[in-house]
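Engineer: Sharing a model that was predicted from the sequence below.
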Amino acid sequence: MEQPASAYFMEERHDPNETHTLTVLVANEPGVLARVIGLFSGRGYNIESLTVSETESHKHVSRITIVTTGTPMVITQIKHQLDRMIPVHRVVDMTLTGRSIERELAMVKLRGTGEHRVEALRLAEAFRARVIDATIESFVFEITGNTGKINQFIDLMRPLGLVEISRTGVAAISRGPEGM
Amino acid sequence: MSDSKPHDPNQMTGAAMIVRALADHGVKHIFGYPGGAVLPIYDEIYQQSEVEHILVRHEQGAGHAAEGYARSTGLPGVVLVTSGPGATNMVTPLADALMDSIPLVCITGQVPTHLIGNDAFQECDTVGITRPCTKHNWLVRDVNDLAKVLHEAFYVATTGRPGPVVVDVPKDVQFATGTYHPPRKSDVHISYAPRVKGDANAIRKAVSLLAGARKPIIYSGGGVINSGLAASKLLRELVEVTGFPITSTLMGLGAYPASGPNWLGMLGMHGTYEANMAMHDCDVMLCVGARFDDRITGRTDAFSPNSKKIHIDIDPSSINKNIRVDIPIIGDCGNVLGDILQVFKSEAKKPDTKDWWKTIATWRARNSLAYKKNDDVILPQYAIQRLFEATRGHDTYITTEVGQHQMWAAQFFGFEEPHRWMTSGGLGTMGYGLPAALGVQVAHPDSLVIDIGGDASVQMTMQEMSAAVQHELPIKIFILNNQYMGMVRQWQQLLHGNRLSHSYSEALPDFVKLAEAYGGVGFQCSKPGDLDGALQEMIKVKKPVLFDCRVAALENCFPMIPSGKAHNEMLLPLEANDEATAAAFAGGKALV
């Protein structure tokens, strides 16, 4: 790469990006989500998906699940940067543990009549999606699964009159009897 | 009388709690500027004598003064400013302190809680604005949380990797009455537990690497200074026990004495040739409390290619951020150095580094800090050397602004002790040095405190001369006046075809008259032969001084690692003729 006239060295990085799912346990206090998100935007990290909710109210602990992409060095940085924040209890790289289950929920609205309606219902059954709202010209399906399954379902619904999608983002938990 | 309840001494207003907490944390001085949202706290300050308040002229000055205070004492610097513009003016010092790991506790006033979010007069989202430039911050909405938050703020600022914190206190919380408690352990988040002790296994591995080294180097940084005097002592002992050469970052100067036999000088972009060459060619590198910053490494893919690297840092996020290391040790520098020394002394012998020192001697012989003597104009390097000589035997503290003068100060002023050198390293804040000197002088009233500045930088925070006069702080502002933003001009010359876009200091003030206008003393010197005498006069003055030292206008700061180059591709001063410079920067194309 031609170096421009700069006080900084511009370096090309060739390491391939990886996708990792991180679980972050934080003290549930005002501004904590802003701190986490601000870290990602401020340092130029990616957020592919983010879910957050209080999980242990008696301990004031919230659980944030973040799906992020980056080179292995950047992923390590993200974990360290998260871990050093004052209200962060723990950061676990679910991808590295290799023992995590990941799910998200999507609600998918379709509009249509006749053949398309029948086909949509048939596919929904194959994907174990439930009908949670119906009119004579529309359905809302609820589907849970990993990101790939939901993407696939949405792709199949597209030509059948897809109107709108709402997704929760990924939540993750480890397999087996142990907690994190 | 009989029906009155016994008075609970821990019941007090929020404003009183703040002053009480400062006293409980041993704070003797705070720097600040009053305003609407902190008036209750100023009222409390007025009615007590434990904590002395230093009034500045601009909140940024308060922040840098607190930084200077903190760096020269190892204690946290404390700042009190009002809401809105008071808080936003503090952003630069907070970012500066975060970059350089300086413990600051900044208390900001805020509009009353019921007005937050209403765009009230002098309202800003202080915690939102300062979140990315603090180690942590708090908005206190309930007076009964205030004591806990204040104690946690001091703890967070001063432990682990030190840094700035902000406590934002709405005015109604300052007025409200609640219960105060002295500092206790439960005030701190259980999730905050910085690691102090290094992993014994990693330390053992590190020692065996050090013991087997043939071409070792110790590369130390600001973390050693932050760790406290004991860490510097241990570092010196390690150098003596191992016989290793040592270099240091800008932030780490003074941890090992500049007069020490193993000292190679500072490393990095404007470091010495021997330090950078030794970094490049070493086989074992021990990095203590430094962070492989881009001013240090040059091009990272050619950084010290054949060495095994040991990295001691209290912040895990510093590890493998820029440079991959072989043995990371998370822990406090002093603590880990102590353990390394103990293991080294019991299990290892001093490695044979004779050949390595011979190689280093050939690099030293290149004399990378040399400059051509001049009897007609003062060269900036000469000015720093003479200032250093003039201050020998004095109890001296040096602060700097940012630019060429800063690099020359780092190269030519020899620091023998830690906490004597206050400079803005990470953020590179022009205007840091003058208020920082003010803070240092508050902490060390009888010492000689000198800000080495440039004509452009000092004008950024010049107003604090007024604070220096008010508080009778005899700071000496030694201005290397080359009538340019020298470092900007140097880069424009080297990289932008010498098109000196807006880097000339047009319409400079008469610094002598300016000093007098403030009630201080002004000096001007432009002849090398007059310099020593003028410096002696300056040191004698017991008032704030502006010393206008007229230096050669177009001198460049060398040696230098050009951008995109490695440590072994330095440009040396006496070899930096036009052709060599052009070749060195050829990648930039600007000169060809």
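Structural biologist: Great, that's in hand. Residues are numbered from 1 along each chain as shown, chains lettered A, B, ... in the order given.
Engineer: What is the neighbour count of B:Phe328?
Structural biologist: Actually, residue B:328 is Pro. It isn't Phe. Using other Cβ atoms under 10 Å in any protein chain shown, B:Pro328 has 21 other residues around it. Placement of C-beta: from N, CA and C, glycine included.
Engineer: Need the three-state assignment for it.
Structural biologist: Put simply, B:Pro328 is strand when judged by DSSP: H, G, I helix; E, B strand; the rest coil.
Engineer: Please work out how many residues are found near the closest residue to it other than its chain neighbours.
Structural biologist: Excluding the flanking residues, the one nearest B:Pro328 by Cβ to Cβ, 6 or more residues apart in numbering or on different chains is B:Ile319, at 4.3 Å. For B:Ile319, the neighbour count with other Cβ under 10 Å is 21.
Engineer: Check B:Ala584 too.
Structural biologist: Other residues close to B:Ala584 by other Cβ under 10 Å number 22.
Engineer: Quickly list the domain ranges of chain A.
Structural biologist: What automatic domain parsing lists as the domains of chain A is A:18-97, A:101-174.
Engineer: measure the longest one end to end?
Structural biologist: According to Cα to Cα, to the nearest Å, domain A:18-97 extends 15 Å from its N-terminal end residue to its C-terminal end residue.
Engineer: can you check the last one too?
Structural biologist: This stretch, domain A:101-174, spans 6 Å end to end (Cα to Cα).
Engineer: Can you tell me which of the domains of chain A is nearest to chain B?
Structural biologist: domain A:18-97 (3.7 Å; Cβ to the nearest Cβ).
Engineer: what about the residue of the stretch 151-300 of chain B found nearest chain A, which SS state?
Structural biologist: Chain A sits closest to B:Ser191 of the stretch 151-300 of chain B, with a gap of 4.3 Å, by Cβ to the nearest Cβ. At B:Ser191 the chain is in coil, as set by three-state DSSP.
Engineer: burial of it, as a residue count?
Structural biologist: Number of residues near B:Ser191 (other Cβ under 10 Å) recorded here: 16.
Engineer: OK, contacts around it?
Structural biologist: Applying Cβ atoms under 8 Å, 6 or more residues apart in numbering or on different chains, we find B:Ser191 in contact with A:26-27, A:86-90.
Engineer: Just the residues you listed: which are in strands?
Structural biologist: A:26-27, A:88-90 (DSSP state E).
Engineer: just the buried members of these?
Structural biologist: Buried members of the ones in strands among the contacts of B:Ser191, counted by 16 or more other Cβ atoms under 10 Å in any protein chain shown: A:26-27, A:88-89.
Engineer: helix or strand for the closest residue to B:Ile296 other than its chain neighbours, which one?
Structural biologist: Spatial nearest neighbour of B:Ile296, chain neighbours left out: B:Gly268 (4.4 Å); criterion: Cβ to Cβ, 6+ apart. Per DSSP states H and E: B:Gly268 is located in neither a helix nor a strand.
Engineer: got it, and A:Lys149?
Structural biologist: Counting by DSSP H and E, A:Lys149 is part of helix A:147-157.
Engineer: May I have the strands that pair with the helix or strand just after that helix, each with its orientation?
Structural biologist: Using DSSP H and E, the helix or strand that follows helix A:147-157 towards the C-terminus is strand A:162-167. Partners of strand A:162-167 in the sheet, by DSSP bridges, are strand A:100-111 (antiparallel).
Engineer: buried set for the strand it pairs with?
Structural biologist: A:100, A:102, A:104, A:106-110.
Engineer: How many residues are close by A:Gln152?
Structural biologist: There are 14 residues near A:Gln152, going by other Cβ under 10 Å.
Engineer: which residues in chain A form strands?
Structural biologist: Under DSSP E, chain A gives strands at A:18-27, A:49-56, A:61-70, A:88-93, A:100-111, A:130-135, A:138-145, A:162-167, A:171-174.
Engineer: Show me what stretch A:156-166 is in contact with.
Structural biologist: By Cβ under 8 Å, 6+ apart, the list of residues contacting stretch A:156-166 reads A:106-112, A:116, A:119-120, A:123, A:138, A:141, A:154.
Engineer: still on that earlier bit, what is the neighbour count of the residue nearest to B:Ile296?
Structural biologist: 25.
Engineer: my read: it touches B:Arg291, true?
Structural biologist: No: look at B:Gly268 against B:Arg291 with Cβ atoms under 8 Å: they stay out of range, at 12.0 Å.
Engineer: which parts of chain B sit against chain A?
Structural biologist: B:127-128, B:131-132, B:135-136, B:139, B:156, B:161, B:189-192, B:294, B:298-301, B:315-317, B:319-321, B:324, B:491, B:495-496, B:563-564, B:585, B:587-590 (Cβ under 8 Å from any Cβ of the partner chain).
Engineer: Show me the domain layout of chain B.
Structural biologist: If you go by automatic domain parsing, the domain ranges for chain B are B:11-187, B:200-364, B:380-550.
Engineer: Tabulate these (CSV), appending distance to A:Leu96 and mean pLDDT.
Structural biologist: Converted to CSV, the domains of chain B look like this (distance: least, Cβ to Cβ, whole Å; pLDDT from 0 to 100):
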stretch, distance to A:Leu96, mean pLDDT
domain B:11-187, 25, 98
domain B:200-364, 15, 97
domain B:380-550, 31, 97
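Engineer: With distance to B:Ala370 as new columns, can those be given to me in JSON lines?
Structural biologist: Putting those into JSON lines (distance: least, Cβ to Cβ, whole Å) gives the following:
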{"stretch": "domain B:11-187", "distance to B:Ala370": "30"}
{"stretch": "domain B:200-364", "distance to B:Ala370": "10"}
{"stretch": "domain B:380-550", "distance to B:Ala370": "9"}
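Engineer: Of these, which is nearest A:Leu50?
Structural biologist: domain B:11-187 (17.5 Å; Cβ to Cβ).
Engineer: Tell me how far the closest one lies from the chain's centre.
Structural biologist: 21 Å (Cα atoms, centre = their mean, to the nearest Å).
Engineer: Ramachandran coordinates for B:Val188?
Structural biologist: Per-residue torsions, B:Val188: phi -100, psi 140 (degrees, to the nearest 10).
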